[in-house]
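K.L.:
Got a sequence here, can you build the structure:
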Amino acid sequence: MSARRWAAELRYSARHPWARAGLWAAAAAGALMLAAAALWWPAQRERLALEGEIAAKRRALVQARQSDELGRAYVQAHAAVAVLEKKLQHGATQAQLVENFARLARRHGVRIAAETYDEGRNASGQQPALSAELSVQGSYPALREFLRELSALPTWSEVHEVRLETLRGAATQKGRIRIITYRGASPGPGRSS
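P.N.:
Next comes the predicted model:
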């Protein structure tokens, strides 16, 4: 179909009253759509700009919180390192460790039935260490508190193994605890070990 014939049929169709009403309705709908778009577009841009600002402020808030948390973690780690260095430099003798373990056990109602100590070094061979194996008896909460408070000792003491068993007919636990204590410089000639 040629373009002239198509244009002629379109003009002829436009003469019909319903076609004219449809064209007017389409023109009115188009005008309404343009008016709505003209009102919506600036509001949409403003909303997107506000969302961008909110997202930027959220990111800044999250970064500030993370920065605060990181700062607090750094301060805590710095303090923990200072305590650890102090503990690693502490040159406690075996007698002092025996006394510390006994005092801690008495404080929590734990009985140390037997104890053995073995002198050595840590895995890297750098730090002098003392391995202690304690045979203990006490209630479970008392033993738990005894183990928890080992970190309060002036030396760095790590629990390497705990084996507990419940005594029949009693609320008492019996077991063995292996503790490795890292110490500072070896005791001098005048100090007992």
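K.L.:
which non-adjacent residue is nearest Ala102?
P.N.:
Of all residues not flanking Ala102 in the chain, Ile112 sits nearest, at 6.4 Å (CB to CB, 6 or more residues apart in numbering). To be clear about C-beta, it is placed using only N, CA and C from the backbone, and glycine gets the same treatment.
K.L.:
Quick one: classify that neighbour as helix, strand or coil.
P.N.:
strand (DSSP: H, G, I helix; E, B strand; the rest coil).
K.L.:
so what's it up against?
P.N.:
Phe101, Ala102, Ala105, Leu134, Ser135, Val136 (CB atoms under 8 Å, 6 or more residues apart in numbering).
K.L.:
So for it, what's the pLDDT?
P.N.:
Ile112 carries a pLDDT value of 90.
K.L.:
That one pairs with what?
P.N.:
Val136 (DSSP bridges).
K.L.:
contacts for the lowest-mean-pLDDT helix or strand in the chain?
P.N.:
Least confident helix or strand of the chain, by mean pLDDT, DSSP states H and E, is helix 3-14 with a mean of 81. Residues outside helix 3-14 that contact it (CB under 8 Å, 6+ apart) are Ala19, Arg20, Leu23.
K.L.:
after it comes which helix or strand?
P.N.:
Downstream of helix 3-14, the next assigned helix or strand under DSSP states H and E is helix 17-89.
K.L.:
which strands and helices sit next to that following helix?
P.N.:
helix 3-14, strand 156-166 (3 or more CB pairs under 8 Å, 6 or more residues apart in numbering; DSSP states H and E).
K.L.:
Quickly list the domain ranges of the chain.
P.N.:
The chain resolves into domains spanning 1-89, 94-182 when parsed by automatic domain parsing.
K.L.:
Need the winner for burial among those domains.
P.N.:
domain 94-182 (a mean of 15; mean count of other CB atoms under 10 Å).
K.L.:
What's the end-to-end length of that one?
P.N.:
11 Å (CA to CA, to the nearest Å).
K.L.:
hmm, back to that, right, and the helices and strands packed on helix 17-89 - which one's nearest His78?
P.N.:
strand 156-166 (17.2 Å; CB to CB).
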